[in-house]
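Visitor: Any chance you could fold what I've pasted below:
(chains A, B and C)
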Amino acid sequence: MKLAESFYIGGSVTTIAKKLLGKILVTKINNKVTSGIIVETEAYSYKERGSHAFKGLTKRNEVMFERGGKAYVYLCYGVHEMFNVVTNDERKAEAILIRALEPLKGIDIMLERMNKNSPARITSGPGKLAKAMGIDRKLNGEELWMNKIWIEDKGIKIKPTDIVSRPRIGIDYAGEDALLPWRFTVRENKWISKK
DNA sequence: TAGAGGATTGAT
DNA sequence: TCAATCCTCTAC
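Guide: Here you go, the predicted structure:
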């Protein structure tokens, strides 16, 4: 079952970021289906400096200001596409960066996209999982209950005690907001990014 | 219209 | 530790 629009509305962005752990992200790009269990997320809000939305609406981040349940995809460092899930109501710009997956379906397709022979760590990082899943900026603004990219409510059950909270990665410019423990991972999962 | 820099990655 | 690489955003 695809998660409905209501999943993405009406909870704090950190609560939804935690609820996304264990869910399944699925893409169908050029008729190729790939999927993976979400094992790492980061929450971003217009209220804090770590977020693209902090300084207000721009052409790049306008999807963040729309109603929750859409994909926000942008180019980072001119090299990598990043996939985010937009949450909550219009104007309350919040989004969740999907940072790591445990591959499920279409692993052969992922290997081909990544030019790799082994699936080890193939989706352990936001840039890598976007590429492996075939996600690019053409999906920016796409609703997550249509037929290109969606999230399913099965996967694995994550107990609250199995969720680890830490500061987010790569946002030193955010000052003390960089210390917010808004990065969530499944405890001891081998697919999470970095160390 | 120019200049700076980034929610990363992989190689050195 | 560092380069790749291309937008976006800001300031002039």
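
Visitor: how far away is residue A:177 from residue A:96?
Guide: 16 Å (C-beta to C-beta, to the nearest Å). C-beta: built from backbone N, CA, C; applies to glycine.

Visitor: The residue located most distally from the centre of chain A: helix or strand, and which one exactly?
Guide: In chain A, the residue that sits farthest from the middle, by C-alpha atoms, centre = their mean, is residue A:117; the gap is 24.8 Å. Assessed by DSSP states H and E, residue A:117 sits outside every helix and strand.

Visitor: Run through the residues that contact it.
Guide: The contact partners of residue A:117, by C-beta atoms under 8 Å, 6 or more residues apart in numbering, come to residue A:111.

Visitor: Just want to check the distance between it and DNA strand C.
Guide: Counting by C-beta to the nearest atom of the strand, to the nearest Å, the gap from residue A:117 to DNA strand C is 22 Å.

Visitor: Could you do residue A:158 as well?
Guide: Residue A:158 sits 31 Å away from DNA strand C, going by C-beta to the nearest atom of the strand.

Visitor: And for residue A:94?
Guide: Look at residue A:94 and DNA strand C: by C-beta to the nearest atom of the strand, they are 16 Å apart.

Visitor: Was I right to think that residue contacts residue A:48?
Guide: No: contact criterion C-beta atoms under 8 Å: residue A:94 and residue A:48 do not qualify, at 10.1 Å.

Visitor: now the strands: where do they sit in chain A?
Guide: In chain A, the strands defined using DSSP state E lie at A:24-29, A:32-45, A:71-76, A:80-87, A:94-103, A:149-152, A:163-166, A:183-186.
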